[in-house]
Each structure stands twice: as C-alpha cells, then as structure tokens.
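In: With the sequence up front, the predicted model follows.
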Amino acid sequence: MSGVRMLAALRSPVAPRGGALARLELPQLGAPVLARAIAAAGLAPEAVDEVILGNALGAGGNPARLVALAAGLPQRVAGLSIDRQCCGGLDALVLGAAMIAAGQCEVVAAGGVESYSRRPLRLRTDPDGGAPQAYDRPPFTPWPDRDPEMHAAAEALAEAQGIAAEAQALWAVDSHRKARAAALADEIVPLEGLQHDAFTRDLTPRLAARAPRLAGTISAATAAVAADAAAVCILVSDRVAARLGRAGLRWIGGVTLGDQPDLPGVAPVAAIAELLRRAGLAPRDLAVAEIMEAYAVQAIACVAGAGLDPGIVNPGGGALARGHPVGASGAINAVRLFHELHPRDGPGLAAIAAAGGLGTAVLLARG
C-alpha cells in the first residue's frame, strides 16, 4: 500500500447566499479552484487520475465531472460526486486517500463545491396526481419524530449539555475576531473580484446578544449562514511526491462514523476518538484542530467531548465567521488545516458533523 501526501489545498472565498458568488454555477465556482490547486501542487492537468467533490444541494448531474471538464482536465477523468451532506467535502478526501493507498490512483483532487444561491428548487411528486409539494431538505432519518430541523437539533444539544446562549455568543465573537486577524490570502483563489470571506465582521458581544433567536438559545449570530464556495486538496502517492521533490503533508488517516440521528452535532466526537485511537495519538498530541462551526453550540460540545484544547481550535476562525456551503465545508476545514499546519510541528485534526448523526475526522502531519 502506498502512503498518501497532500501537496496543495486551496479554496474560493466564502460568500453568503445571494452575495458576491451568487451568479456562479457549480463549474464556474469550482473550476478555477481546481485548476489553481493542481498548478500549486506542481502538476499538469494530465497527471490527475480522479476528481472527487462533495455536493449536497445540486440535485445530481455529477458536479465533479462538470468542474473537471471546465478546469481543462482530460476527458478520461470521470469525476465522482458524493453527497454525505456536511461531511461530503471531507469524505471526498477520505475516499481519495483510500484510492491512492489501494494503488487505484496516484493523483486525486478532492474537496467540495456548493452553491446555496444556485441550488435547484425541490418538489416531491404526488402519487395520486395532485400538485407537487415543495420541500427544503430531504429526510435524514426514516423516523419523522427523530428527524429534527437543524436549529431545533442545535437547541436540543444546548439543553442536553447546559450550554448557555452567552457561551455560544462568546464563541461566535471569538470566531470572527480570529478570522479578521488571520492572513488567509495564500489559501484563497479570488472569484468575481472577491478576495476574502465576505461575511467576516467585527462581531461584539452586544451585537451577538441582539441577534434574532432561531430556536431557544440558538441565534442568527451563533448559527453559520448558508453560503457559496469551493475547496480542493491535491492528494498524491508517496512515489509522485518523491518524483516532484515535495513533502507536503502526510495523510495519517480518516474516519466517518454514525451516531445519534436526532443529536447530530456531537457525532464527530466518536469519529475523532476512533481516529486518534487508530493513530496511537491523544488529544494533547495535536498541534491544531479545525472543528466545524455550523453552530457555536456544536463546536463547543465537540471540543469538550473530544477533550481538545480550545486554544488550538480554529486559529483562523471558523464557519461562524465565513458561512456554511454544506458539501464544501469539510474541504474548507481541510484547506485551513493544511495552511495552519505548515508552520507547526505535530499532527493536526479536521472534523465535521452532518445531519442524520454523521461525523468525519481526518489527521494530517508534517514530515
């Protein structure tokens, strides 16, 4: 089995739904990022064996294939689109690394692309011939009484773990503060004249306290906004990395596990624990961790449940300061991890939860 290296990781800016990237279809959103990531890895498009992209809202059509063709990759690159909701962008990396380790591929471009702005409208047909019924999301469990809306699930988590609105607001304020202080230009491929994450702002505790409540303690300040973005990481075999003379980051492993369907926010805890166990590592061994912030309460609960040091979590801010482009969010966490790990010694973690009680975690390291 071959070892796996990540040689490059880039993303677009993240823009809220209806914002600066709203007119871009998925190929226009993802192709520039894919092309730049391949070049940053020191590779030609012809070297890529497969493109794997997470996408949750596009309603089929194999967006990965469309993005690959739009980026000028050879027609032989089939493209594989996966939908595991929020986990999809990170699961694309896990799948790509497994294909390389198995010897099926030597170069895989993996990540995610999502446009909330351009997502298709969804209609469910009536078998009795009635008018189609619009719906916003598919079911995430087979049990209607155990398939909560995400705001309600976040509030249930807050109640279960006693995480107050004030603690959530402080987490959100800190996420924006760190994002504003971070130098992120090296990881962003500008699109539509946008060179930075459009949502990041000076969020104060007073402003956070005034944000409209969405469900109980959950507010518009402590829930990530729907967004548009793309992110791509270039994974290669050890042999390709050696030929190019590039070390990149070493892929240690990745795990996806299911957990409580009606309390999805803490699903990454089990995945993180299993991944660290397989790697023979403890939380204290980590140099940095990129934890998804779909909700502040979810990030707080995952950090505590996994035993992580809050001081190493999301040093450049998280999704609360950027937005949540569902199928791309896990890949954005991986891009952030790639750039945060380069000046640090020790392994790094990226983890994300998904509706239905899913959690994915990956480990990377220098050397």
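Out: Yep, it's here.
In: all strands of the stretch 151-300 of the chain, in order?
Out: If DSSP state E, counting those that start in this stretch is used as the criterion, the strands of the stretch 151-300 of the chain fall at 213-215, 218-219, 227-237, 249-258, 288-291.
In: Give the helix, strand or coil label for the residue most central in space within the chain.
Out: Central residue of the chain (CA atoms, centre = their mean): residue 330, 1.5 Å from the mean position. State at residue 330, reduced to three classes by DSSP: H, G, I helix; E, B strand; the rest coil: helix.
In: Might you report the residue contacts of it?
Out: 54, 86-93, 112, 292, 350, 352, 360 (CB atoms under 8 Å, 6 or more residues apart in numbering). For the C-beta atoms, the positions are set from N, CA and C on the backbone; glycine is no exception.
In: now swap in residue 295 and tell me
Out: 150, 154, 157, 168, 218, 222, 223, 224, 265.
In: and those residues as CSV, adding pLDDT?
Out: Shown next, in CSV, are those (pLDDT from 0 to 100):
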residue, pLDDT
150, 95
154, 97
157, 97
168, 98
218, 98
222, 98
223, 98
224, 98
265, 95
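In: now, which of these sits nearest residue 341?
Out: residue 224 (23.1 Å; CB to CB).
In: Burial check on the residue nearest to that closest one when sequence neighbours are not counted, number of neighbours?
Out: Setting aside the residues directly before and after it, residue 224 is nearest to residue 324 in space (CB to CB, 6 or more residues apart in numbering), at 3.8 Å. Burial of residue 324 is recorded as 27 neighbouring residues (other CB atoms under 10 Å).
In: try residue 207
Out: 15.
In: measure it to residue 171 for me?
Out: Counting by CB to CB, to the nearest Å, the separation of residue 207 from residue 171 is 14 Å.
In: could I get the contacts of residue 295 as CSV with neighbour count?
Out: Output for the contacts of residue 295, formatted as CSV (neighbours: other CB atoms under 10 Å):
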residue, neighbour count
150, 21
154, 29
157, 23
168, 26
218, 26
222, 31
223, 25
224, 26
265, 31
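In: ok, of these, which one's closest to residue 302?
Out: Once CB to CB is applied, the member of the contacts of residue 295 that ends up nearest residue 302 is residue 265, at 7.2 Å.
In: pretty sure that closest one is touching residue 352, no?
Out: No. Using CB atoms under 8 Å, residue 265 is not in contact with residue 352; the gap is 10.7 Å.
In: List the contacts of the closest residue in space to residue 209 that isn't next to it in sequence.
Out: Leaving out its chain neighbours, the residue that sits closest to residue 209 by CB to CB, 6+ apart is residue 169, at 6.1 Å. By CB under 8 Å, 6+ apart, the contact set of residue 169 is 205, 208, 209, 219, 221, 222, 296.
In: Give me the number of neighbouring residues for the second one.
Out: Taking other CB under 10 Å as the criterion, the count of residues near residue 208 is 22.
In: Which pLDDT does the model give it?
Out: Note for residue 208: predicted pLDDT of 96.
In: how near is residue 343 to residue 335?
Out: 15 Å.
In: So for those two, which sits in the more crowded spot?
Out: Shown here are residue 343 and residue 335; by other CB under 10 Å, residue 335 has more neighbours (29 against 9).
In: these two touch, right, that one and residue 13?
Out: No. The pair residue 335 and residue 13 does not pass the contact test of CB under 8 Å, sitting 11.9 Å apart.
In: Near residue 194, how many other residues are there?
Out: Residue 194: 16 neighbours (other CB under 10 Å).
In: Contact partners for it?
Out: 13, 15, 20, 21.
In: Tell me how far stretch 332-344 lies from the chain's centre.
Out: 13 Å (CA atoms, centre = their mean, to the nearest Å).
In: same question, stretch 4-24
Out: 11 Å.
In: I'd like the average pLDDT over that stretch.
Out: Averaging pLDDT along stretch 4-24 yields 98.
In: distance between the ends of that stretch?
Out: Across stretch 4-24, the terminal residues are separated by 33 Å (CA to CA, to the nearest Å).
In: Can you list the buried residues in that stretch?
Out: For stretch 4-24, a neighbour-count test (16 or more other CB atoms under 10 Å) marks 4-17, 19-21, 24 as buried.
In: Neighbours of residue 246, how many?
Out: Neighbour tally, residue 246, other CB under 10 Å: 15.
In: what's the pLDDT at it?
Out: At residue 246, pLDDT is 95.
In: ok, back up a step: tell me the one of the contacts of residue 194 nearest residue 275?
Out: residue 13 (29.5 Å).
In: Against residue 19, how distant is the spatially closest residue to the closest one that is not a sequence neighbour?
Out: Distance criterion CB to CB, 6+ apart; nearest residue to residue 13, sequence neighbours excluded, is residue 194 at 4.6 Å. Separation of residue 194 from residue 19 (CB to CB) stands at 8 Å.
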